[in-house]
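Student: Okay, sequence plus prediction incoming.
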Amino acid sequence: MQNATNHIKRELQLTADGSHTLFIPEMDEHYHSVNGAVQESRHVFIEAGLHRLEREEITILEIGFGTGLNAFLTLLDAEAHQQKIHYYSVELYPLDIDVIESLNYGEIICGGRKDVFRALHGAKWNTSVRVTEFFELHKIQGDSNTCGLPEQIDLIYFDAFAPDKQPEMWNQEIFNRLYAHTTEGGLLTTYCAKGVVRRMMKEAGYSVERIPGPPGKREMLRAIRL
């Protein structure tokens, strides 16, 4: 699929744990933490989110497909625990294939599953694709503020760029929408710990807590629909 932002420069950079991230000079923003892309993703979304839900089948919504790192780690976790996951991910500007091929996640995370990482990016958009026995992917190309969302979401990975870089993604309306689609006991996790974001989540109806963040970050947020 043609990337509508192929004019934006993205620089490949190595993070502290040996995994790649992308840097956008004109935004002065990284896709992942420079203190460790894989460490951050595992801490914020897998350990603080996925591992906190005891359900045989889980529907996940990711805000920001990006490099596919969160989806890849979730797929591998689903395989390891034989847990069925329906994974929806929203992305307005998919990455070009040459950028995807430059990422080293397939090599450093699970060398024998590089084909699966490629399959995540190769899956058709706006339709459900069975990637493995336990992992079904539905990539949505669109704006998270307006696109259709799954009705029953058990877990939300809120992984948009930082509020000061992408303020349109951090607003009361989007958290209201997400809350309306979250199941009872469902979770939302994000690396962000800003007070204004916490207040918007609480206004939407979530119970919100600050918890220890990944390496290089003191705190993050986890919200639950009680």
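Tutor: Arrived safely, thanks for sending.
Student: which residues are in contact with the longest helix along the chain?
Tutor: Counting residues, the longest helix found in the chain (DSSP state H) is helix 69-81. Residues from elsewhere that reach helix 69-81 (Cβ atoms under 8 Å, 6 or more residues apart in numbering): 19, 32, 37-38, 41-42, 45-46, 50, 60, 62, 65, 83-85, 87, 89, 105-106, 109-110, 113, 116-117, 120, 131-135, 137, 157, 159. Placement of C-beta: from N, CA and C, glycine included.
Student: After that helix, heading C-terminal, what element do we hit next?
Tutor: Later in the chain than helix 69-81, the nearest helix or strand by DSSP states H and E is strand 84-91.
Student: Quick one: distance of the very next helix or strand once past that next one to the chain centre.
Tutor: Downstream of strand 84-91, the first helix or strand assigned by DSSP H and E is helix 97-102. Its chain's C-alpha centre lies 19 Å from the corresponding centre of helix 97-102 when counted by Cα atoms, centre = their mean, to the nearest Å.
Student: what does stretch 133-141 give?
Tutor: Here the centre of stretch 133-141 is set off from its chain's centre by 13 Å, with Cα atoms, centre = their mean.
Student: where along the protein do the strands fall?
Tutor: Using DSSP state E, the strands found in the chain span residues 11-14, 20-24, 29-30, 57-63, 84-91, 128-130, 135-141, 153-158, 182-190, 207-212, 219-224.
Student: Walk me through which strands the fifth one pairs with, and which way each runs.
Tutor: Paired with strand 84-91 in the same sheet, following DSSP bridges, are strand 57-63 (parallel), strand 135-141 (parallel).
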